[in-house]
Each structure stands twice: as C-alpha cells, then as structure tokens.
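[1] I need the structure of the sequence given here:
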Amino acid sequence: MPTRELHYFNDLEFPTTHITILYRWLLLQGYHEQDLLLGLPRLQSIFDDADAKLAFSLQKQFMSNAIELTGNDMLGYELGRYIGEHSFGLMGYAVKCSPTLDKALDTLSRYFSLRNSLFEVNKLVLEKECILKIDEAVEFAELRPFLFQMFICANISLLKGSGGFLSSAIKSIRLTFSKPKGWSKALFPHIKVFFDAEFNGIVFHRSELHTRIASDDPVTLQNLTEYFELKLSAMPRSNFITRVRQTLARQTKPEASQNDIATAMGLSPRTLRRKLKELDITYKDILNEVRTEKAIRLLQNSDLRIYQVCELMGYNNLSNFRRAFKMWTGKTFKDFR
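    Below is the predicted model:
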C-alpha cells in the first residue's frame with residue numbers, strides 16, 4: 001500500500017471565501033473588528049488574501065465567535081441570503097446563464113467545490129423528484145445549522161434571481177438538524193421545510209426541471225464551463241478522497257462495503273468506482289488508511305488492552321488483526337505503545 005499522510009479531518013485547510021464574506025458583511029452591519037477577531041488577531045491578514053487557506057478548526061472558531069457575538073441562531077440564513085443576492089461570483093453567473101433549471105443544477109453539482117470546498121453537492125434524479133443533496137466535506141459538528149442554513153438560503157436566493165419558476169419548482173427543503181428558535185415559516189414562503197431529516201438538501205419536482213431560465217446565455221455558459229473545467233482539473237485530488245475517508249470513519253459497521261459507502265455519500269456504486277479510478281486510488285487503499293488511523297489511535301490509548309483494540313476494529317481473531325496491522329503499517333503493535 002502506498003504511504004500517505006494521515007489527517008484528522010478538522011485539521012485540514014480550506015479556502016476562506018465564506019468566512020471572509022461573513023467578516024465583511026458583519027462589518028457592514030456595524031459590528032467592530034476587534035470583537036469579530038477576538039482571540040484570532042492574525043485572521044486580518046487572511047481576509048486580505050484572496051487565495052488564503054486556513055485550518056477548519058480556526059474557521060470554526062471564527063464562525064462560532066460571530067454567532068455568539070450576534071446572538072442570532074439564524075445568522076446562517078441571513079448570510080446565505082446576502083451571498084445568493086450579492087456575492088455568488090462566476091458560479092452564480094453560470095447558473096443564471098443556464099437554459100433550464102436542470103442545467104443550472106448540473107452546474108451547481110459539478111462545479112460547486114470551486115466555490116466552497118466545505119460542501120459536497122450531488123444531483124440525484126428520482127422518479128418524481130430531483131434532489132440537490134448536500135454533504136459535509138469535513139465534520140461541521142456544532143456549526144452544522146449555521147453552514148447548512150447558509151448553503152440552502154444562498155442557493156435558493158440565487159435560483160430565485162434566475163427566473164420566476166422557483167415557487168413551483170421546489171418541493172421541499174430537508175435539514176438534518178433541529179428547528180432553530182428563530183425559525184419562521186415566512187423565511188421560505190410556500191416551501192415545506194423538514195427538520196431532523198435524513199439528509200440535507202433541496203428537493204425539486206422532477207416535472208419542473210426543464211423550466212426555462214429567462215437569462216439563458218449559451219455562449220457565456222460555454223465560456224464559463226470551459227474555465228470551470230480547467231480549474232477543476234487543477235484542484236487537488238484530496239477533496240473527494242477526504243469525503244470518502246470521512247464517510248468511512250462514521251460507519252458503525254467494522255467493514256463497510258464500497259456499495260455501503262456509495263449509498264451513504266448519495267452516489268451510485270458505479271459513480272464512486274469511476275471517481276476513485278480517475279483519482280488513481282482504490283477503495284481498499286482508503287479503507288486500509290482509515291483502519292490504520294483508527295487502530296493507531298486505539299493502540300495509543302493506554303487504557304485499552306490489545307484484545308480490546310482487536311474487538312473494536314471488528315476482528316474476532318487476534319492473529320488475523322496482528323497480520324493485518326503489520327500489512328497496513330509495516331510495524332507491530334509495540335511500536336505504537
């Protein structure tokens with residue numbers, strides 16, 4: 001197995017587009033710089049760098065500070081609305097240049113990682129509905145309500161600005177967290193919103209997918225698509241692999257199959273195999289990496305005996321676990337104790 005660097009997911013670095021917009025937007029609302037940057041004074045230089053990346057743990061700290069400072073549990077909704085109306089950049093322009101809602105959703109699902117790599121976006125077409133399903137590329141934890149509010153509202157505001165089809169096209173909004181105290185039905189009039197749902201996403205009536213968008217501009221869309229494809233090809237391959245790793249790490253089954261992971265990611269098994277092949281890595285490689293990281297963490301916990309680690313890793317036979325561990329790492333249990 002090739003040697004690869006092991007990461008804890010919240011230590012990964014991501015672009016800072018969304019927190020930069022949040023910072024500047026809150027300044028416009030009258031909040032003070034010293035309050036927003038409390039405990040994070042070096043972020044000022046990050047906000048001045050358009051290409052900056054920052055560990056997600058620090059981004060979480062800034063977003064948590066903003067929520068606490070404003071005392072607003074609907075801050076994600078308000079920021080998302082602002083982004084959808086004012087700050088969606090070339091991605092928003094491409095959506096508005098799309099000929100139909102169907103094509104607009106294709107654009108969002110394929111290229112959204114160029115806009116914000118914290119989210120994984122997939123378009124799923126079912127018999128009677130189409131789902132724009134949103135997953136975390138990194139563990140959001142307590143910031144899940146804020147970030148998913150931001151995503152949902154930003155994209156609905158963007159689509160609303162692309163034509164008058166929205167009220168009839170959207171069937172419902174699904175959110176995995178509980179209803180915030182500040183929630184009101186008036187925030188998304190005429191759209192059903194389900195909390196504590198099984199997934200996060202926007203559900204559209206399939207019959208509305210071919211509704212025309214008035215601002216259709218095929219030449220501009222083609223130019224933007226070519227630009228996005230170039231950007232996409234230059235992106236680090238780690239984004240999708242990170243999501244597979246994270247999905248694997250959340251599984252309760254000792255050895256989740258490739259089909260299990262595809263289902264959990266909202267992909268078909270064929271799509272998962274194709275994407276991994278494009279990235280020149282196998283599912284087994286990633287599975288072994290996740291197992292290795294988990295086994296090492298457990299072994300470094302001095303309160304656990306070897307046989308307990310063996311059981312927690314899903315092995316019934318200590319000898320089999322010992323051989324597997326040596327194959328993954330090239331080392332023995334004692335090397336990590």
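
[2] show me where the stretch 1-150 of the chain has helices.
    Assigned by DSSP state H, counting those that start in this stretch, the helices in the stretch 1-150 of the chain fall at 17-28, 33-36, 43-47, 56-70, 75-86, 89-96, 101-115, 144-160.

[3] just the ones you listed: most buried one?
    Across the helices of the stretch 1-150 of the chain, the average number of neighbours (mean count of other Cβ atoms under 10 Å) peaks for helix 144-160, which reaches a mean of 23. For the C-beta atoms, the positions are set from N, CA and C on the backbone; glycine is no exception.

[4] between that one and helix 17-28, how big is the angle?
    Helix 144-160 and helix 17-28 meet at an angle of 90 degrees, taking axes from the mean of the first three to the mean of the last three Cα atoms, to 10 degrees as the criterion.

[5] relative orientation of helix 144-160 and helix 101-115 in degrees?
    130 degrees.

[6] starting at the chain centroid, how far to helix 144-160?
    13 Å (Cα atoms, centre = their mean, to the nearest Å).

[7] and for stretch 186-200?
    How far stretch 186-200 lies from its chain's middle: 19 Å, per Cα atoms, centre = their mean.

[8] ok, now stretch 28-43?
    Put simply, stretch 28-43 sits 26 Å off its chain's centre (Cα atoms, centre = their mean).

[9] for the closest residue to residue 149 other than its chain neighbours, give me the pLDDT.
    Take residue 149 and drop its neighbours on the chain: the residue closest to it by Cβ to Cβ, 6 or more residues apart in numbering is residue 76, 3.1 Å away. Residue 76 is assigned 96 on the pLDDT scale.

[10] please apply the same query to residue 207.
    Reading off the confidence values, residue 207 has pLDDT 93.

[11] before we move on, the earlier item: out of the helices of the stretch 1-150 of the chain, which comes closest to residue 132?
    Comparison of those against residue 132 by Cβ to Cβ identifies helix 101-115 as nearest, at 5.7 Å.

[12] what mean pLDDT does that closest one get?
    For helix 101-115, mean pLDDT rounds to 91.

[13] quick revisit: which of the helices of the stretch 1-150 of the chain has the lowest average pLDDT?
    Lowest mean pLDDT of the helices of the stretch 1-150 of the chain: helix 43-47, a mean of 86.

[14] that helix: how far from the chain's middle?
    So, by Cα atoms, centre = their mean, the centroid of helix 43-47 is 23 Å from its chain's centroid.

[15] can you tell me what sits against it?
    Contacts of helix 43-47 from elsewhere in the structure, counted by Cβ atoms under 8 Å, 6 or more residues apart in numbering, are 16, 19-20, 23-24, 33, 37, 52, 54, 58, 62.

[16] please parse this protein into its domains.
    For the chain, automatic domain parsing gives the domain ranges 1-71, 88-235, 238-336.

[17] what distance do you get for the closest residue to residue 132 other than its chain neighbours to residue 297?
    Distances taken as Cβ to Cβ, 6+ apart put residue 202 closest to residue 132, at 4.6 Å, once the chain neighbours are dropped. Computed as Cβ to Cβ, to the nearest Å, the residue 202 to residue 297 distance reads 36 Å.

[18] which of the residues in stretch 116-130 are buried?
    By neighbour count with 16 or more other Cβ atoms under 10 Å, stretch 116-130 contains the buried residues 116-124, 129-130.

[19] oh, I was asking about stretch 326-335
    Buried residues in stretch 326-335, defined by neighbour count with 16+ other Cβ under 10 Å: 328-329, 333.

[20] no more questions from me, cheers.
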